[in-house]
Every structure is written in C-alpha cells, then in structure tokens.
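Peer 1: what would the 3D arrangement of this be:
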Amino acid sequence: MASEGSIHHTMFLLVVLPALLFHLGAGQPPESPGRIAVIGAGIGGSAVTHFLQQQFGAQVQIDVYEADRVGGRLATTTVNNQQYESGSASIHSLNLHMQGFVKLLGLKHRKEVAGKNAIFSGEHLVLEETDWYLLNLFRLWWHYGISFLRLQMWVEEIMEKFMRIYKYQAHEYAFSTTEELLRSLGGEHFVNMTQKSVAESLQGIGVSQRFIDDVISAVIRASYGQSVAIPALVGAMSLAGTPGNMWAIEGGNKLVCSGLLKMTKANVIHGKVIAICLHNSEKRPVYEVQYEQEDSIGSDFYDLVIIAAPLHKAGYPISFLNFQLPIQQPNGTYHRVVSSVVHGYLNSSFFGFPDPKLFPFSSILSVESPDSSFHSLESLCPVNVSVGFRRKPPQEAAVWRVLSAHPLDRKELKTLFKSYYSVQVVEWQAFPSYGSSQSLPQIIMHDGLYYLSGVEWAASSVEMSAVAAKNVALLAFNRWYELNEKIDQPDLMHKLKTEL
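Peer 2: Okay, here's the model as predicted:
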C-alpha cells in the first residue's frame with residue numbers, strides 16, 4: 001500500500017511537472033518557420049530553395065529575391081536564333097546533386113560533340129591532343145615524365161574524399177562552418193589546402209615546374225582566369241574537370257535553376273535587396289528584408305533568411321540594421337572575367353595553321369604569358385544539339401567563346417579572327433580573386449541568417465554551390481529544431497560505418 005507521501009509525490013509528477021514543462025516550452029515541438037527568404041536565384045539560391053522545402057515541408061512559403069536574372073552564372077546568349085552557353089558551360093560527372101536535379105526535373109544530358117584541345121604559349125602550340133588516347137599519353141610522358149600521373153593520383157584522392165559529403169548529407173548531417181565541412185572530408189589537410197597554393201602543393205608531390213607552367217596554368221586560366229597561386233583546393237576542383245568527365249544540359253544549364261524554383265512554387269521577386277533589419281520577438285528573431293523594385297521600395301518579414309549572393313562582390317551591397325555581424329571579410333574582391341561570344345572565321349594562321357582546313361582543335365587554352373591576350377578560346381555548340389549535328393569545319397564561320405581579362409579591342413579580335421559577323425561581350429565578376437591566407441566567411445551570420453555564397457572562397461564551382469546549399473538547408477533545419485547531434489559531429493566516416 002502506497003504511503004501518503006508517495007501519493008503526493010506521484011500527484012506532483014502527474015499534475016505539476018507537466019504544467020511546468022508546458023510553461024517552459026519543453027516537450028512542445030517548435031513551430032516550423034512560416035516564411036523564408038532566399039537572396040539570389042543562381043544555382044546556390046535555387047538549390048537551397050529546393051532543399052529547404054525538402055526539409056521543412058511544402059507548407060513553408062519561400063520568397064526568392066533576384067536583382068538580375070534567374071540562373072546567375074548559368075546563362076546563355078543568342079546568336080542567329082540559336083542559344084549558346086555564355087557562363088558555366090559544363091558540369092562534372094561526379095556532381096551528384098546536379099545529376100539528381102536533372103533526373104528530378106526530367107531534363108536530359110546534351111549530346112556530346114567530340115573535339116580536341118591544344119595549349120598555346122602565346123607564340124606557338126606547346127601541347128596538342130590527338131584522336132589516339134595512347135599517343136596522347138606518350139606525348140605527355142615524353143614532355144613531362146610521370147608528372148601527369150602524379151597529378152591524376154592527387155586529384156583522384158581529393159575527389160574521393162570530397163565525395164564523402166554526399167553520404168553525410170544523405171544522413172542529414174550539417175556543418176556550421178566551411179572549415180568544419182572540409183575537416184570532415186579530409187582532416188586538417190583539406191583545411192590547409194585553402195591556405196596553400198596549387199603550385200606549391202603540386203611541387204610537393206613531385207610534379208615538374210614545366211608541367212605546372214605549361215599545363216596546370218593553362219587549365220586554371222581557362223577555369224578561373226587566375227594563376228597557379230590560387231589555393232590548392234580551388235585548383236583541384238578545376239583540374240578534376242577533364243573533358244571526358246564533363247557534360248551539359250540539353251536546352252541550357254540554367255534550366256536547372258528555373259526548374260527548381262518552379263517545382264518548389266517559390267515566389268520569385270525581381271528586386272535588389274538593400275537591407276536586412278533585425279526585429280526582436282518573444283521567441284525567435286524576425287528579419288525584415290528591404291528591397292528596391294523599379295522605382296519603389298518594398299519590404300517583408302521572415303523567420304529565416306539565406307543569402308545566396310556574394311556579399312563581397314562589387315555592386316551588391318546589403319546593409320545590416322539593428323545587429324552586428326560576425327562575418328569575416330576575405331582580403332580581396334571578386335575577379336573580373338570577360339566572355340566574348342564571337343560569330344566569325346578563326347584566324348588559324350595565328351596558331352600555326354595557314355590552311356584552315358587542317359586546323360583540328362575545338363578548344364585552345366593559353367598559358368600565362370605577356371604575349372597572350374586570352375585565357376581560352378572554344379568553339380561552342382548550341383544548347384540544343386540535334387541528332388545529326390556536327391561542328392562547323394574550321395574554314396567556315398562558327399561561334400567561339402573567348403575568355404579574357406579585359407574586353408578584346410579591335411586589334412586583338414583581328415588577330416584571333418580573319419573576320420566576324422558579331423561580338424557579344426559579357427563581363428562576369430565570376431569568382432573570388434584568390435590569394436593565400438584568406439579567411440573563409442562565416443555561414444551562420446545570426447540566429448536565423450545564413451550566408452551560402454561564402455563557400456566560394458574555399459572552392460568555386462556549380463557543385464560546390466549545390467553542396468553548400470544542401471548544407472545550409474540541413475543546418476537551418478537542425479538548428480531550428482535543436483538537433484545538435486546532427487551538427488559538427490567529429491569522425492563522421494567512422495560514425496556512419498558503425499551505424500550501418
């Protein structure tokens with residue numbers, strides 16, 4: 001028989017404690033966020049919109065602010081009623097998020113059109129690709145010894161470790177800083193790769209200086225318009241993109257962005273965000289997003305705000321009102337790359353082929369040289385490739401994309417082309433101006449304010465933005481519901497192996 005004291009004790013547990021817990025909010029699942037703002041509708045912004053809806057559910061209203069065009073660096077230009085990629089032209093085959101988006105949206109890979117590459121010193125071709133794989137390998141060995149094999153092993157090891165992120169994200173693990181994300185993939189070595197140049201890293205594994213000067217510099221200039229002084233992790237991402245590993249989307253790569261926004265039924269607001277203002281509330285902070293739209297100023301209120309636009313990019317200033325940011329400012333700005341889409345006749349004589357019929361290359365990369373006015377020169381295929389499509393023979397007018405540090409003047413155009421019908425120029429602040437010892441921006445800027453685009457200071461690519469988007473969506477979800485065991489967990493590879 002229970003004593004009177006124990007009865008009173010039981011009554012306390014049954015009546016008073018639940019009331020106390022209710023009063024303190026314990027045991028009550030927090031409400032899901034009502035409204036989320038995403039600033040920027042490039043691949044990062046459109047991907048995070050999709051991932052946020054995956055995590056929080058279809059009932060969450062998501063507004064996407066875009067000052068320019070949906071797609072960002074995934075952009076096209078029109079020549080003779082055909083569209084061509086003017087931005088990021090190809091995607092790596094290991095990019096699992098992009099592969100997933102293509103399948104989810106019912107898109108298709110564009111038919112591959114074969115082409116050969118060459119590297120130009122500013123005066124002559126230093127390396128020419130042939131149709132024979134073994135001959136290409138022999139030429140690499142003859143010129144550079146086993147440097148290309150050392151490079152390949154280095155890149156494969158890095159990419160193998162990078163692929164771990166997909167397993168982590170499939171199990172809904174997130175990281176509060178870019179450093180923690182990199183550390184989970186490859187330990188301190190991966191973090192250090194953001195502070196050491198690609199040239200220094202490759203020299204450390206025995207890659208020859210000549211191979212770095214001839215080949216590595218040309219690939220990095222074609223990718224980022226910068227030198228081999230860029231961080232090793234950025235360089236590894238660039239060097240992983242060999243031609244056989246790349247693909248594109250039929251109809252244009254930008255269809256991923258517009259497709260994800262349409263599928264999530266996001267409300268796209270074509271306006272430029274000028275300020276984010278903190279408003280205190282009883283439970284959680286509320287953020288007011290202020291924006292310009294044509295000649296008017298508008299604003300709205302949100303529980304979460306994701307910035308998927310580069311804060312360090314000229315012309316994209318956002319004021320933060322009523323709170324102090326912990327964001328670290330990288331020591332630099334965004335790098336300008338000029339994309340010139342030229343419809344004309346290539347001057348093959350400039351590259352050592354007086355007879356244009358004998359010019360066999362669809363792409364020419366340029367090493368760092370005072371004699372070279374361009375980073376890369378590429379014959380473009382339209383975004384819609386028909387079954388019987390073939391590249392134009394070199395003696396016919398074709399559409400070429402020239403990447404350079406500045407707009408090409410008339411003399412430079414006349415050097416590269418015998419004649420041309422049209423030139424369309426797009427200036428991109430495409431990537432950070434990379435240097436050594438640059439700090440990585442914070443992801444968590446405030447309790448409900450996240451910075452997605454800061455990941456570009458570690459490495460910049462379409463898939464890196466998609467990975468960062470998934471991480472931010474998981475981080476916001478896990479922090480909102482206080483699932484701390486899913487954030488910054490050490491030794492995740494071992495943890496997942498033991499769980500499975």
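
Peer 1: ok, now which ones touch Gly235?
Peer 2: 197-198, 201, 216, 220, 228 (CB atoms under 8 Å, 6 or more residues apart in numbering). For glycine as for every other residue, the C-beta is placed from the backbone atoms N, C-alpha and C.

Peer 1: quick check: Ala275 is in a strand.
Peer 2: Yes: assignment of Ala275 by DSSP: H, G, I helix; E, B strand; the rest coil places it within a strand.

Peer 1: gap between it and Asp295?
Peer 2: Note on Ala275: its distance to Asp295, by CB to CB, to the nearest Å, is 17 Å.

Peer 1: what's the farthest-apart pair in the contacts of Gly235?
Peer 2: Ser201 and Ile220 (12.5 Å; CB to CB).

Peer 1: which one of these two has more residues nearby?
Peer 2: A direct count of neighbours by other CB atoms under 10 Å for Ser201 and Ile220 places Ile220 higher, at 26 against 20.

Peer 1: correct me, but that one touches Ser227?
Peer 2: Yes: Ile220 lies in contact with Ser227 (CB atoms under 8 Å); the separation is 7.0 Å.

Peer 1: surely Tyr451 is in contact with Leu440?
Peer 2: No: under the criterion of CB under 8 Å, Tyr451 makes no contact with Leu440, lying 10.6 Å away.

Peer 1: which of those two has more neighbours?
Peer 2: Using other CB under 10 Å as the criterion, Tyr451 and Leu440 rank with Tyr451 on top: 25 against 20.

Peer 1: give me every residue that touches the more buried one.
Peer 2: So Tyr451 contacts 307, 311, 327, 441-445 (CB under 8 Å, 6+ apart).

Peer 1: let me see the backbone angles for it.
Peer 2: Per-residue torsions, Tyr451: phi -110, psi 110 (degrees, to the nearest 10).

Peer 1: now swap in the one 3 residues further on and tell me
Peer 2: When quoted as degrees, to the nearest 10, the phi and psi of Gly454 stand at phi -60, psi -20.

Peer 1: hang on, the earlier thing: and the contacts of Gly235, which is closest to Ile91?
Peer 2: Ile220 (18.3 Å).

Peer 1: shouldn't that closest one be within a helix?
Peer 2: Yes: under three-state DSSP, Ile220 sits within a helix.

Peer 1: distance of it relative to Thr130?
Peer 2: The spacing between Ile220 and Thr130, counted by CB to CB, is 23 Å.

Peer 1: least confident secondary structure element in this protein?
Peer 2: helix 17-24 (a mean of 37; mean pLDDT, DSSP states H and E).

Peer 1: give me the contacts around stretch 361-376.
Peer 2: Contact partners of stretch 361-376, identified using CB under 8 Å, 6+ apart, comprise 115-123, 125-126, 128-129, 213-214, 217-219, 221-222, 225, 227-228, 337, 351, 377-379, 391, 401-405, 408, 412, 415-416.

Peer 1: from those residues, which would you call buried?
Peer 2: 117-121, 126, 128-129, 213-214, 217-219, 221-222, 225, 228, 337, 351, 377-379, 401-404, 408, 412, 416 (16 or more other CB atoms under 10 Å).

Peer 1: quick revisit: next secondary structure after the least confident helix or strand of the chain?
Peer 2: strand 35-39 (DSSP states H and E).

Peer 1: by contact count, what packs against that following strand?
Peer 2: helix 43-56, strand 61-65, strand 286-293, strand 296-302, strand 304-307 (3 or more CB pairs under 8 Å, 6 or more residues apart in numbering; DSSP states H and E).

Peer 1: mind redoing it with 6 Å?
Peer 2: helix 43-56, strand 61-65, strand 296-302, strand 304-307 (3 or more CB pairs under 6 Å, 6 or more residues apart in numbering; DSSP states H and E).

Peer 1: rounded mean pLDDT for the shortest one, please.
Peer 2: Put plainly, it is strand 304-307. Taken as a whole, strand 304-307 has a mean pLDDT of 97.

Peer 1: same check, this time on the longest one
Peer 2: Taken as a whole, helix 43-56 has an average pLDDT of 97.

Peer 1: from the chain's centre, how far out does that helix sit?
Peer 2: Counting by CA atoms, centre = their mean, to the nearest Å, helix 43-56 is centred 14 Å from the centre of its parent chain.

Peer 1: would you mind getting the angle between it and strand 35-39?
Peer 2: Using axes from the mean of the first three to the mean of the last three CA atoms, to 10 degrees, the inter-axis angle of helix 43-56 relative to strand 35-39 is 160 degrees.

Peer 1: in helix 43-56, what's buried?
Peer 2: Within helix 43-56, judged by 16+ other CB under 10 Å, the buried ones are 43-53, 55-56.

Peer 1: of these, closest to Glu188?
Peer 2: Gly44 (26.5 Å).

Peer 1: more neighbours: which of Ala275 and Asp295?
Peer 2: Ala275 (16 against 5).

Peer 1: confirm for me that the more buried one is in contact with Phe320.
Peer 2: No: at 7.3 Å, Ala275 does not count as touching Phe320 under the criterion of CB atoms under 6 Å.

Peer 1: and the longest helix belonging to the chain, how far out from the chain's middle?
Peer 2: Taking DSSP state H as the criterion, the chain has its longest helix at helix 462-480. Taking the mean of its C-alpha atoms, helix 462-480 sits 13 Å from the chain's own mean (CA atoms, centre = their mean).
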